[in-house]
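A.B. asks: Sequence first, then the predicted structure, then my questions.
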Amino acid sequence: MTTRKDTAERNDRALLQAARDVLAEDGAHASVAAIATRAGVGIGSLYRRYKTKEELFQRLSLMSLEHWNQAAEQGLADPDPWAGLAGFVRACIEFGQGSLAPVAGTIEVTREMRDKSRRGDDLLEELVRRAQEAGALRPDVTTVDIALLIEQLGRSPVVDQLRKQGREELLPAATGARRRLIAIALDGLRPGHEPLPEETPGEELFSGRWSREA
């Protein structure tokens, strides 16, 4: 028997997934109406769960940070430093970790978000340090490089386009092609390549964007 609580939890999961999908497509301009429609619920139901769009995006941000930290902890639990780092990167890309980038600087960063973000920074630093000390990760790669790589590969334009077109028959091939690109990118993190171009990216390119200060 389905209870009211079961229905509320199902609607909440649908809202959060819809919000992530609409954000990926429309960016910071994603509308509440579009999110509710994608989730198959009324706007009233959305506002009963989340008082504002900002509150909804803050919840999404927390979920993303929690997934990041869990993936990093699993990576550090792997005795193989390279396998641990590569597994972390894949898990974050498959989750679509960079889908919230469009709201950076548009919502208030709560204390809980800030604390989980700092924890995630520490975990990634340890993953990178461990892999570099083992000689498995090129020495000129930084944590910001890894974070930006995850964000860039977190979306697949081809997969998104085919889903919009309803071309389900082409999705397996597109998903396979995406996995190949991820493998190519990961191989580029290994030692034995030409030095990376340009200066080392600064932290402002990643976490700095979340500040509302100009």
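C.D. replies: Looks like it arrived, so ask away.

A.B. asks: in stretch 112-129, what's buried?
C.D. replies: Buried residues in stretch 112-129, counting neighbours by 16 or more other Cβ atoms under 10 Å, are found at 113, 116-117, 119-121, 123-124, 126-128. C-betas here are computed from N, CA, C, even on glycine.

A.B. asks: Equivalent analysis for stretch 50-65, please.
C.D. replies: Those would be 50, 53, 56-61, 64-65, for stretch 50-65 by 16+ other Cβ under 10 Å.

A.B. asks: Need the max-distance pair from the residues you listed.
C.D. replies: The distance between the two most remote of these (Cβ to Cβ) is 18.7 Å, for 53 and 65.

A.B. asks: Contacts made by the helix or strand containing residue 161 with the rest, please.
C.D. replies: Residue 161 belongs to helix 157-165 when assigned by DSSP states H and E. Residues outside helix 157-165 that contact it (Cβ atoms under 8 Å, 6 or more residues apart in numbering) are 24-25, 168, 170-171, 174-175, 177-178.

A.B. asks: So which residue is smack in the middle of this protein?
C.D. replies: For the chain, the residue nearest the mean C-alpha position is residue 97 (0.6 Å; Cα atoms, centre = their mean).

A.B. asks: follow-up on the earlier one: whichever of the contacts of helix 157-165 end up buried, select them in ChimeraX.
C.D. replies: This is how ChimeraX selects the buried members of the contacts of helix 157-165, with burial counted by 16+ other Cβ under 10 Å:
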select :24,174,178
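
A.B. asks: can you redo the buried residues of stretch 112-129 as TSV with secondary structure?
C.D. replies: Shown next, in TSV, are the buried residues of stretch 112-129 (DSSP: H, G, I helix; E, B strand; the rest coil):
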residue	secondary structure
113	helix
116	helix
117	helix
119	helix
120	helix
121	helix
123	helix
124	helix
126	helix
127	helix
128	helix
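
A.B. asks: now those residues in CSV, with distance to residue 158?
C.D. replies: Formatted as CSV, these follow (distance: Cβ to Cβ, whole Å):
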residue, distance to residue 158
113, 32
116, 32
117, 30
119, 34
120, 29
121, 31
123, 31
124, 28
126, 34
127, 29
128, 29
